[in-house]
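In: Okay, predicted coordinates and the sequence, questions at the end:
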Amino acid sequence: MSSTQQISSVLSNIGFLELNALQQETLSKSETARNLMILSQTGTGKTFAFLLPLFLKLDSSSKEIQAVIVAPSRELAIQIEGVFRAMKTNFKVLTCYGGHSMTVEKKSLKEAPALLIGTPGRICDHIARNTLDLSHVTQFVVDEYDKSLEFGFEDQIKFIYQELHALDFTTLVSATEHKEFPDYLAFRNPEIVNHLANSEAPAITFWNYPVRNSNKFEKVFDLLCSFNGELTIVFCNFREATESVRNHLLDNGYDSIIYHGGMEQDERERALIQFRNGSFHTLICTDLGSRGLDIPEIQHVVHFQFPQSEEAFIHRNGRTARMKSNGSSYLLLNKDENIPDYLEVPRSEFKLPTNLPHPVASPLVTLYFSGGKKDKINKIDIVGFLGQKGNLLKEEIGLITVLDFASYAAVKRDHVKSLLATIRHEKVKGKKLKIEISK
C-alpha cells in the first residue's frame with residue numbers, strides 16, 4: 001500500500017476528511033528532517049500531526065520497538081494511545097505508566113510493540129529492570145516538552161535518550177516556544193512547524209466575579225448553579241482547596257468530582273472517566289487538570305484561586321473554547337486580595353440571574369464492572385449485556401470505558417436502581433462480575 005493510500009485509510013479510520021494545515025506541514029517536513037519541533041496550541045490536532053509520520057516510518061517486518069513517545073502524565077500517554085489505536089494501523093502499541101501493573105507491562109513487553117508510549121519514570125524503571133530494549137528505536141517523540149522540563153523530568157528523559165542507539169528522528173512537541181535545548185538531545189538545526197501565531201484566539205468571554213473571604217464558597221455555589229448543568233472546571237492551587245470546595249458544594253446538594261496529584265492513580269482515572277462520560281457536570285482540580293487530559297468540551301472555567309503564573313492562567317483557560325467553540329472564564333475577585341501583575345482584571349462583571357436555578361444532577365451515572373481487557377471483555381460485550389440482560393435501550397447507555405481489569409459504563413440515572421436489581425445474578429460473557437455504582 002502506498003503512503004497516499006495509507007494516509008487515506010488512516011484518515012477514514014479516525015474520522016477526518018482531510019489533514020489540517022498543521023498536520024500537512026508536519027507530514028511534509030518530517031520526510032526530510034532528522035529533528036522536528038511542533039509548536040501549536042492545545043486542541044489543534046498536534047497528536048495526530050506527529051503520529052501520522054511516525055506510523056508511516058514504521059517497518060511491518062520488524063519485531064523490535066521502533067518508536068518511543070514520552071509524555072509527562074499518564075493521562076496524556078493514555079490519550080495518545082487512544083488516538084493511535086483509532087488509526088487502526090495494525091501495529092502493536094503499549095503504554096507504560098506509574099500506577100499501572102508492572103507485571104502486566106512486563107508480560108506485554110515479551111512481544112515487543114512497534115510503538116511504546118509512556119511516562120518518563122516508568123520507562124526508566126523498565127530500563128533499570130532490563131525489561132525493555134530500546135536499542136532498535138529509530139523515532140523518539142517528547143510530547144508537551146515544555147511541561148516535561150517544568151516538572152523536572154529532564155534527568156529521566158536524558159536517561160531514556162542515552163538508550164536510543166539507532167535513533168534517526170526526534171520530535172519535540174510544545175505549546176510554548178523554546179530557543180534552546182539541552183545538549184544531550186543533540187537537537188541541532190531542527191525543522192520547525194510553528195502554528196502558535198496562526199492559531200485563532202480562542203473565543204473566551206472573561207468575567208470578574210466579586211467575592212469576599214466570608215462568602216467565597218457560597219458565591220462559588222451560586223455561580224455554578226447559574227450554569228444550569230453546563231460543563232465546568234473549577235481550578236484551585238492546592239489539593240486541600242479542591243476538597244474544601246467539593247465538600248461545601250456537596251453539603252448544599254451540588255455534586256461534583258475532584259482531581260489532584262494527591263489522589264491514587266486509580267482514583268484519578270475514575271474521576272476523569274466519570275467527568276468524561278457526563279456523570280458529573282463539574283470537575284474541581286489543581287493545575288494538574290490544565291493540560292494533557294482527554295476531556296469533553298468545557299463551557300466554563302472558574303479560577304477559585306488566582307493561578308500562580310501567567311502560563312498557568314493560559315493553560316487553565318485553554319480547557320474551554322476549543323476547536324472554534326465558545327467559552328467563559330471567571331476570576332473570583334476579592335478587593336482585599338492582591339491581584340498578580342500578569343492578570344488583567346476583566347472589564348465585565350458577572351451578575352447572577354434573578355431566579356437562580358437549583359443544583360442540577362447529571363442524567364447519567366457510572367456503573368463499575370470488575371472485569372476488563374485482560375478478562376477478554378470489550379465495549380461490545382458491555383453494551384450487549386446492558387441491552388440483553390438489563391433491558392436498556394441503546395440511547396439509555398452512554399460512554400463505555402474498558403481498562404485492563406475494570407470497565408465503566410454511563411447509564412441513565414433514572415434506570416440505575418431497577419437495572420442493578422435486574423442484572424444482579426447475571427454474567428458478563430460467562431463471567432460473574434461485581435457490578436455497582438462507581439465510587
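Out: Noted; the coordinates are in hand.
In: Tally up the residues packed near Q265, please.
Out: 13 (other Cβ atoms under 10 Å). All C-beta atoms are positioned from the backbone trio N, CA, C, and that covers glycine.
In: I38 too?
Out: 28.
In: Contacts only, for I233.
Out: T282, L283, I284, C285, G289, I298, H300, V301, V302, R316, R319, T320 (Cβ atoms under 8 Å, 6 or more residues apart in numbering).
In: okay, the residues you listed in a markdown table with pLDDT next?
Out: Shown next, in a markdown table, are those (pLDDT from 0 to 100):
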| residue | pLDDT |
| --- | --- |
| T282 | 97 |
| L283 | 96 |
| I284 | 97 |
| C285 | 96 |
| G289 | 85 |
| I298 | 89 |
| H300 | 95 |
| V301 | 95 |
| V302 | 97 |
| R316 | 90 |
| R319 | 84 |
| T320 | 85 |
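In: pLDDT below threshold where in the stretch 1-150 of the chain?
Out: Counting by pLDDT under 70, the stretch 1-150 of the chain contains low-confidence residues at 149-150.
In: quick one, strands of it?
Out: For the stretch 1-150 of the chain, the strands defined by DSSP state E, counting those that start in this stretch occupy 35-39, 67-70, 93-96, 115-118, 139-142.
In: what's the closest of those strands to K106?
Out: Closest to K106 of the strands of the stretch 1-150 of the chain is strand 93-96 (Cβ to Cβ; 9.7 Å).
In: So what touches the closest one?
Out: 77-78, 80-81, 84-85, 105, 108-109, 113-119, 122-123, 126.
In: For the buried ones among the residues you listed, write the corresponding ChimeraX selection.
Out: Applying 16 or more other Cβ atoms under 10 Å to these leaves a buried subset, and the ChimeraX line that selects it is:
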select :77,78,80,81,84,105,108,109,113,114,115,116,117,118,119,122,123,126
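In: re earlier: distance to Y161 for the strands of the stretch 1-150 of the chain - can I get that in JSON lines?
Out: Shown next, in JSON lines, are the strands of the stretch 1-150 of the chain (distance: least, Cβ to Cβ, whole Å):
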{"stretch": "strand 35-39", "distance to Y161": "13"}
{"stretch": "strand 67-70", "distance to Y161": "9"}
{"stretch": "strand 93-96", "distance to Y161": "17"}
{"stretch": "strand 115-118", "distance to Y161": "14"}
{"stretch": "strand 139-142", "distance to Y161": "7"}
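In: and of those strands, who's closest to Q388?
Out: strand 93-96 (31.6 Å).
In: roughly how far out does that closest one sit from the chain middle?
Out: Offset of strand 93-96 from its chain centre (Cα atoms, centre = their mean, to the nearest Å): 16 Å.
In: Break this structure down into its structural domains.
Out: Taking automatic domain parsing as the reference, the chain has its domains at 3-194, 203-333, 364-437.
In: Now distance to E349 too, for these, in TSV please.
Out: Converted to TSV, the domains of the chain look like this (distance: least, Cβ to Cβ, whole Å):
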stretch	distance to E349
domain 3-194	28
domain 203-333	5
domain 364-437	34
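In: mind checking which of those is nearest T354?
Out: Per Cβ to Cβ, nearest to T354 of the domains of the chain: domain 203-333, 10.6 Å.
In: mind listing the strands for the stretch 151-300 of the chain?
Out: Using DSSP E, counting those that start in this stretch, strands in the stretch 151-300 of the chain cover 169-174, 191-194, 203-210, 232-235, 257-259, 282-285, 300-303.
In: now those strands in CSV, with distance to G152?
Out: Formatted as CSV, the strands of the stretch 151-300 of the chain follow (distance: least, Cβ to Cβ, whole Å):
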stretch, distance to G152
strand 169-174, 16
strand 191-194, 25
strand 203-210, 30
strand 232-235, 22
strand 257-259, 21
strand 282-285, 21
strand 300-303, 25
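In: if we compare those strands, which one ends up closest to F350?
Out: strand 203-210 (3.9 Å).
In: buried residues in the closest one?
Out: F206, W207, N208, Y209.
In: Much appreciated, bye for now.
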